[in-house]
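Novice: Okay, sequence plus prediction incoming.
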Amino acid sequence: MNAPVFCEGIQHFGQKWSDFDTLANTPVIAAGQSAIADSGADAAVYQTLLAADALRYLTLQVTGSKGSGHPGGYASSAEAHAALIMLGHTNIVTEVGHHAPGYYSSMFLDSSLEEMGINNVADMMARFREKHGLLGHLSGAIPGLLAPAGPLGQGQHFAMAGALLHPGKLFPVTIGDGGMGEPYVLNSMMHFNTAYPAVTNFLPVLVWNGYSQEHHSMVSRMSNDEMRAYWTGHGFKNVVLVDAKDYDDSNQTLAYVDSTQFSLGQRLAFAKAVLQGVESASQSALNGTLTVFIIKQLKGAGVHTVGAKSHNLYPADTLDQPHIIAGLQRRALPPEAWQIVRDNFVRAGGGPACKTAVTETELAIVAMPQLAMTEFAVGEKAVPATAMGVLVAQMGKADARFVVTNADGNEASAMKNINDALKVRHPTVDPLYNQEPNGQVYEPLNEDACAGLAAGLALFGSRSLWLSYESFAINGWPIIQTVTQAMAELRRKTPSIVCMFTAGALEQGRNGWTHQRPEIENFFAAMMRNGNVFPLFPCDANAMQVAYEYATDSVNKGMVIIASKSPLPVYMTLAESKLAMVAGAATIYESAAGTGTTVVFAVTGDMVLLPVFKAKDVLEADGYRVRIVAVVNPRALYRATDVAWDTVSEPDNGFMDDARFNALFDADALIAVSGGPSASLEPVLLRTRAPKRDTFCWKRGETTASADEIMAFNGITAEAMAARVNALLK
């Protein structure tokens, strides 16, 4: 059989369908064109269905090659995905990481995977779910794919970010019915539409197949009218629903049916309805109407089995097993069909996605402005959060695309100056609340939505800032983790995702433990070893300004700034802060020259320095020499071998050398102090040569009247520190 070279590795070829020589004798997307000319043309419908089956076949064979992966969910979306591509809409993202094999199949068919040396099906099988290959869930590092997909509930954020940055382009996002509420999928789109009513050029594509991963989906009992109402109730003005059951001539009895069991004539009728429905929905979205397209079809349609059992393959589901062979043979296409599909996909959207997707080039942004910082005098008190807010306002004024997101309110975090300058984006104009329809401050009361838009914008190439209470940040952190990992793999530069978490545990006494959850700092600390994650702990208002500039001027990193909203002493000048931020740490106090026993306090945080300085007074009175070191960028204090810095794009190997480290931290006793958990101080504790050492850090929350009381509840007091030093050294 004379098959195209890229088909090498295909195990089963089929016969030509009826009317193949008439309707598939030439690609329906002509050379020089980027989409089909007429969605109602018989050839366009026929070749769209060929594409859907090609996607199904590859998905099943590639997953079967490893007895691993997820073919079923994607299979039920194949007609919709093929229709989007044939209509030239190739900037597609997904919420569903388990649809990865189908998306890889699409990138293979349009030749994008050749960028990573995958030239034929055999190569694709060899590289599937292997290191430096096609990982089990989508990654933005794969040529042609715009964004990662892992945890459910994230994909719509990337689509909305793309739509905001690229007016006139459509950003479809496929969403599985199993993940409809994981979390807040429709809520986030509803809030976005309220804030950005003119930005409708994203298109949710609901893959309504009746099942989630291992059971029926929670929306499987809805009627079509109930599903339409569900989306209408979330602000969608146009709901386009195509139900495969309306075309069934195979007498399937369930509410969800497998269109691949229909006669060819009815398969084509269903494909035509999908193609024209997607076209109608796409035009509606591009023309200013919030629109959703829903394809209702049984999970697993066209692969080895159906329902939740089709979701993933197990080690026994290999290519030599009868049920896998039968599934492949049902979808097998003749060599000529593969060439037709390849030609159409290569031309769709103006060329292979690896060349034409919006994320394959760096988005032009304004140059980093020279931020005008306020030099607070050492010894005076200033509010770190407010000092940063001044710079955020300058950034927004310089960069019109810059967006600040915050669920709990900037004013409550001593950053009202951001709202004063940039305005809260809201359809109701109200000067009292700084509300304007074109504001740059996005405030859904949902950390997932805040983190999602900020992360999506950064990944797609635009500056953003997510502000949150440290205690609530965990609700939005999963997408930041996803995006920072994606940034570590990207083949292009993009602005770092910058976060600032304020109102930490020590400031929230009267709110009690609900607002005292700094344990998330352990998450950031663990991620330092990834190679591109930098938790920053500015010790005062000067260091805070430097931290914001340092973070915002970086690329392909996750930058997390943690600081207070209370007036606190200033310990370093701006110049000293800049040196400390790059180096990782700096001495902010040292006893006058003498020969006493030396104690070093290594401290992350700002408010927690208050009891440390009180402990210093007690210890000096006892004859000790004391050095207090502010650890402002702990990632820089690791050894190079501790961090996967050389595995990431835009690597940073700025680690403090031993001589400088020892000059800071050598002592008879080292006390590591944190207002949060101790993990951020791991690099200090790993490297210190001090023979005696201990930690004072967060334990748990409680309702208290003051910061001093909550620190005392956690044992972070001057008296306790001094007593521990004496116990260690006497």
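Specialist: Sure thing, it's come through.

Novice: How is this protein partitioned into domains?
Specialist: 5-356, 381-729 (automatic domain parsing).

Novice: would you list those in a markdown table and tack on mean pLDDT, mean neighbour count and distance to M373?
Specialist: Heads up, the C-betas are built off the backbone N, CA and C, glycines and all. Formatted as a markdown table, the domains of the chain follow (pLDDT from 0 to 100; neighbours: other C-beta atoms under 10 Å; distance: least, C-beta to C-beta, whole Å):
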| stretch | mean pLDDT | mean neighbour count | distance to M373 |
| --- | --- | --- | --- |
| domain 5-356 | 96 | 21 | 29 |
| domain 381-729 | 95 | 21 | 5 |
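
Novice: Show me the one of the ones you listed that comes nearest T374.
Specialist: domain 381-729 (6.2 Å; C-beta to C-beta).

Novice: what's the first-to-last distance across the closest one?
Specialist: 34 Å (C-alpha to C-alpha, to the nearest Å).

Novice: quick one, which of the domains of the chain is nearest to I365?
Specialist: Closest among the domains of the chain, using C-beta to C-beta: domain 381-729, at 6.3 Å.

Novice: Show me where the stretch 351-500 of the chain has its strands.
Specialist: Ranges of strands in the stretch 351-500 of the chain, per DSSP state E, counting those that start in this stretch, are 381-382, 403-406, 424-425, 435-436, 441-442, 464-469, 497-502.

Novice: does M559 really touch F501, like I thought?
Specialist: No. Using C-beta atoms under 8 Å, M559 is not in contact with F501, being 11.5 Å away.

Novice: Just give me the longest helix of the protein.
Specialist: Across the chain, the longest stretch assigned as helix under DSSP state H is helix 42-66.

Novice: helices or strands up against that helix?
Specialist: Using 3 or more C-beta pairs under 8 Å, 6 or more residues apart in numbering; DSSP states H and E, the elements in contact with helix 42-66 are helix 20-23, helix 72-75, helix 78-86, helix 100-109, helix 121-127, helix 264-286, helix 322-331, helix 335-347.

Novice: now these as a markdown table including distance to A353?
Specialist: Converted to a markdown table, those look like this (distance: least, C-beta to C-beta, whole Å):
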| stretch | distance to A353 |
| --- | --- |
| helix 20-23 | 26 |
| helix 72-75 | 17 |
| helix 78-86 | 9 |
| helix 100-109 | 6 |
| helix 121-127 | 16 |
| helix 264-286 | 17 |
| helix 322-331 | 23 |
| helix 335-347 | 9 |
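
Novice: For the spatially closest residue to S76 that is not a sequence neighbour, give me its contacts.
Specialist: Nearest non-adjacent residue to S76, counting by C-beta to C-beta, 6 or more residues apart in numbering: N209, 4.0 Å away. Residues near N209 by C-beta atoms under 8 Å, 6 or more residues apart in numbering: 73, 76-77, 176-177, 217, 256, 296-301.

Novice: now do Q485
Specialist: 148, 530.

Novice: distance of it from G102?
Specialist: With distances taken as C-beta to C-beta, to the nearest Å, Q485 is found 22 Å from G102.

Novice: Does the closest residue to G509 other than its chain neighbours fall in a helix, a strand, or a coil region?
Specialist: Residue nearest to G509 in three dimensions, not counting chain neighbours: T704, with 3.8 Å by C-beta to C-beta, 6+ apart. Put simply, T704 is coil when judged by DSSP: H, G, I helix; E, B strand; the rest coil.

Novice: now do V257
Specialist: V257 is classified as coil under three-state DSSP.

Novice: Torsion angles phi and psi at it?
Specialist: With angles defined as degrees, to the nearest 10, V257 sits at phi -130, psi 160.

Novice: closest one to A712 among the helices and strands packed on helix 42-66?
Specialist: So among the helices and strands packed on helix 42-66, helix 100-109 is nearest, using C-beta to C-beta, at 51.0 Å.

Novice: could you give the angle of that closest one to helix 42-66?
Specialist: 120 degrees (axes from the mean of the first three to the mean of the last three C-alpha atoms, to 10 degrees).

Novice: Please name every helix or strand in contact with helix 100-109.
Specialist: Packed next to helix 100-109, using 3+ C-beta pairs under 8 Å, 6+ apart, are helix 42-66, helix 72-75, helix 78-86, helix 121-127, helix 335-347, helix 353-356.

Novice: Now render those as a markdown table, adding distance to P569.
Specialist: What follows is the helices and strands packed on helix 100-109, written out as a markdown table (distance: least, C-beta to C-beta, whole Å):
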| stretch | distance to P569 |
| --- | --- |
| helix 42-66 | 59 |
| helix 72-75 | 56 |
| helix 78-86 | 58 |
| helix 121-127 | 56 |
| helix 335-347 | 62 |
| helix 353-356 | 53 |
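
Novice: E709 is nearest to which of those helices?
Specialist: helix 72-75 (51.9 Å).

Novice: what helices or strands is the closest one leaning on?
Specialist: helix 42-66, helix 100-109.

Novice: How far off centre is the first one?
Specialist: Its chain's average C-alpha position is 29 Å from that of helix 42-66, according to C-alpha atoms, centre = their mean, to the nearest Å.

Novice: got it, and the last one?
Specialist: In this view, helix 100-109 has its centroid 21 Å away from the chain centroid, taken as C-alpha atoms, centre = their mean.

Novice: quick one, it and helix 78-86 angle?
Specialist: Going by the same axes, to 10 degrees, helix 100-109 makes 30 degrees with helix 78-86.

Novice: what does helix 100-109 contact?
Specialist: 6, 51, 54-55, 58-59, 62-63, 69-71, 74-75, 77-78, 81, 85, 92, 94, 113, 118, 121, 124, 128, 134-138, 142-145, 149, 341-342, 345, 353-354.
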